[in-house]
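[1] Let's see this in three dimensions:
(3 chains)
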Amino acid sequence: MPTSLKKVFIITDFGYKDYYVAAMKSVILDLYPYNITFIDVTHEVEPGDILDASFIAWQLSLLNIYNSGVLVVVDPGVGSQRDAILIECEKNNVLVGPDNGVLYPLASTLGIKKIYYIDYTNQKYFVNVSQTFHGRDVFARALGLYFGGDREFLKEKENIVDNDIFIYSYGRDRIVFKVLHIDRFGNVITNIPCYEEIPNKINLWAKGKVFLLSKVNTFSELKRDELGLLCGSSGFYEIVSYLKPASEVIKLRSGDTAMIILSS
Amino acid sequence: MPTSLKKVFIITDFGYKDYYVAAMKSVILDLYPYNITFIDVTHEVEPGDILDASFIAWQLSLLNIYNSGVLVVVDPGVGSQRDAILIECEKNNVLVGPDNGVLYPLASTLGIKKIYYIDYTNQKYFVNVSQTFHGRDVFARALGLYFGGDREFLKEKENIVDNDIFIYSYGRDRIVFKVLHIDRFGNVITNIPCYEEIPNKINLWAKGKVFLLSKVNTFSELKRDELGLLCGSSGFYEIVSYLKPASEVIKLRSGDTAMIILSS
Amino acid sequence: MPTSLKKVFIITDFGYKDYYVAAMKSVILDLYPYNITFIDVTHEVEPGDILDASFIAWQLSLLNIYNSGVLVVVDPGVGSQRDAILIECEKNNVLVGPDNGVLYPLASTLGIKKIYYIDYTNQKYFVNVSQTFHGRDVFARALGLYFGGDREFLKEKENIVDNDIFIYSYGRDRIVFKVLHIDRFGNVITNIPCYEEIPNKINLWAKGKVFLLSKVNTFSELKRDELGLLCGSSGFYEIVSYLKPASEVIKLRSGDTAMIILSS
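    Take a look at the predicted model:
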């Protein structure tokens, strides 16, 4: 019996009203009935929102993860031709999910050691694979088998689908950026890293409207109805307001493009 | 100290904003402070929806469960005369919940070995039992005591309340079925098993309206706004659409009856 | 390697769509990679609702908790001058959170042994502390370090911010009380303890409207559309209705003040 604790982080768009996540955990524990701590990151990714899920998965790289499994099942192409993949990364981390870009930001940040596709036509390891629930029948199964030492169903693969969510453009008079995520508090997480210098008062152009933002260090510096720009805990600028969701005011969503106007 | 890992699956209508589920877990760990992995299946069953909860519980039989506890607390009759029961099933599984039908589909599929009612008037094991929270005071307590080896509070019982959610009628020109569950994606899970043959194009009659369904193998075969019928991962036909909740179009809910028209 | 199981109860207003809770768990396991069972009490506290969170945390005192960590992160003042605290309580329980009153009811009920503030300017233990996510960078870290035996970053402190949520007034002809919490079922949990005697039929005055309440023992004694008052499982009177949220009828929210009229 292995003694070291394994962590398994799980990200899906399965929500909280179904048995789907429980099914995946049960399959993993069947194949590896030892010391696993499951950490549900979120199951509330909007159905099929690959960008959002890939950012949330990437946030795990902000933690000191090692010896962990990461299972990301946001898979609008389930049952079609996309590959199912398993990626070995540095520090003994292993990532499993569909090859649709959802694993790319995390894998490339952790450092990719080897990429495999999961041969789920291999009847020795995979039987009765459904067309619609690869989370249970392919991904969780592959992770459990992998933990147990099986490798036979893994076939090396050169590349994975790219998904560069961190591209923004810092021009002479504007920064064109992408919204990575709207968090629970309505904070709008941009893909502009905090090391970029931004003036203290700037205009945000979002969906045809312009908003004034003040740079602040923390939420409580803001007055009611004031919008702020702060360096968030993930290392990117976030558009925020105080005790009120900024996203409701500026109507941006994950994946949207917007601009910060630098010149006055 | 027992070394084998125990899994405890929990299904309730308690939601996620209260301490109720935490209370049950804490009570179990008090009485059996060993190696338990809690698997929250869902706590978002609609308040009092026994049919829905019994189907979700039944889905656990699709997994290879053994050596597990299953706690199902959807209990609109709490505090009234209904029994609290514990069922020993095959493969060392034990089910606990109210005797209102919620455990019936899972228990009968796993295979019932013995049925008990929980004598929670036994002051040696049960004190200060509330009128409204048997999840904490009766069910979790009974499971923890059972894991710890206590049996004295269990009294044999012959039958449990029946709840046959799988009855449908396949007639000459129509299939009359019941909706078992609406999942997070708005897929409408019927109680028609996939082994029933159904033509490729059929009409669905639901609440006075008629919809055309195309049989498909996976979501991505569907065009936008098209409705499909596919064999879902639980072994039943599901009414689906692509990247959009079918349930919002056809307005069916868990427990509703509807018809598939076979003749054209 | 320590062998005794530790429970860590977590209460936040972080919701379920972000990686924030996972980040805290990961940090704790990094610093104390042993046998921890995380029990998510709730993450659906309304953003910044200290009263509600403090009541939910207090409910843990209804359980037999010992050898546990309790992490409560509802922290609208994050990044401002409020202290971060760690409280040692009776039965080997340790509470961690912001010093804004959120820990007060639980700590004072369990029995306070020692109060510390967390010196997160100590660079030996705390690096790169963000302005906005002390859950990850201060509170989880402090708990993990504490479990691992580190104490150097803890500085004794005399008092914590008071938050007496249990004050009500029982007058000659009325009881003026506070709403502690609205639960998932719409039950309105008051702060009137069940040992107070209340007549069988009383009037509730809430936000300018008057409602008739009947005292009952359990939900099923109520008729449709009837409002009841019962002794809830937390030891306080709750305003309830049957299979319907009472809170939607009487429009009370956590923190509201209302009155029970005793004279007719």
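
[2] Show me which residues of chain A are close to chain C?
    Neighbours of chain C within chain A, by C-beta under 8 Å from any C-beta of the partner chain: A:5, A:7, A:9, A:16, A:37, A:39-45, A:56, A:59-60, A:62-65, A:181, A:183-185, A:217-220, A:230-233, A:243. C-betas here are computed from N, CA, C, even on glycine.

[3] hmm, which of those residues are the buried ones?
    Those of these that meet the buried threshold are A:5, A:7, A:9, A:16, A:37, A:39-45, A:56, A:59-60, A:62-63, A:65, A:181, A:183-185, A:218-219, A:230-233, by 16 or more other C-beta atoms under 10 Å in any protein chain shown.

[4] Which ones, among these, also lie beside chain B?
    Near chain B, by the rule C-beta under 8 Å from any C-beta, you find A:Y16 out of those.

[5] sorry, back to before: give me the subset of the residues of chain A next to chain C lying in helices.
    Of the positions in these, A:I56, A:Q59 sit in helices, assigned by DSSP state H.

[6] Can you get me a residue count around A:K244?
    18 (other C-beta atoms under 10 Å in any protein chain shown).

[7] I misspoke; the intended subject was A:Y195.
    7.

[8] Could you pull up the residues touching it?
    For A:Y195, no contacting residues are found, by C-beta atoms under 8 Å, 6 or more residues apart in numbering or on different chains.

[9] element containing it?
    Assigned by DSSP states H and E, A:Y195 belongs to neither a helix nor a strand.

[10] again, but for A:G69
    Going by DSSP H and E, A:G69 is part of strand A:68-73.

[11] Quick check: neighbours of that strand in the sheet, parallel or antiparallel?
    strand A:6-12 (parallel), strand A:93-98 (parallel) (DSSP bridges).

[12] so where's chain A uncertain?
    In the predicted model, chain A carries pLDDT under 70 at residues A:1-3, A:264.

[13] How about the residues of it by chain B?
    So chain A meets chain B at A:13-20, A:22-23, A:25-27, A:29-30, A:33-34, A:36, A:38, A:47-48, A:76-80, A:130-133, A:136-137 (C-beta under 8 Å from any C-beta).

[14] Of these, which qualify as buried by neighbour count?
    For the residues of chain A next to chain B, a burial check counting by 16+ other C-beta under 10 Å picks out A:13-20, A:22-23, A:25-27, A:29-30, A:33, A:36, A:38, A:47-48, A:76-79, A:130-133, A:136-137.

[15] next structured bit after the longest strand belonging to chain A?
    Assignment by DSSP state E gives strand A:174-182 as the longest strand of chain A. Sequence order places strand A:188-193 as the next helix or strand after strand A:174-182, per DSSP H and E.

[16] quick one: buried residues of that following strand?
    Buried residues in strand A:188-193, counting neighbours by 16+ other C-beta under 10 Å, are found at A:V188, A:I189, A:T190, A:N191, A:I192.

[17] What of stretch A:86-93?
    Buried residues in stretch A:86-93, counted by 16+ other C-beta under 10 Å: A:L86, A:I87, A:E88, A:C89, A:N93.

[18] from the residues you listed, which single one is nearest chain C?
    The closest of the buried residues of stretch A:86-93 to chain C turns out to be A:N93 (C-beta to the nearest C-beta; 12.0 Å).
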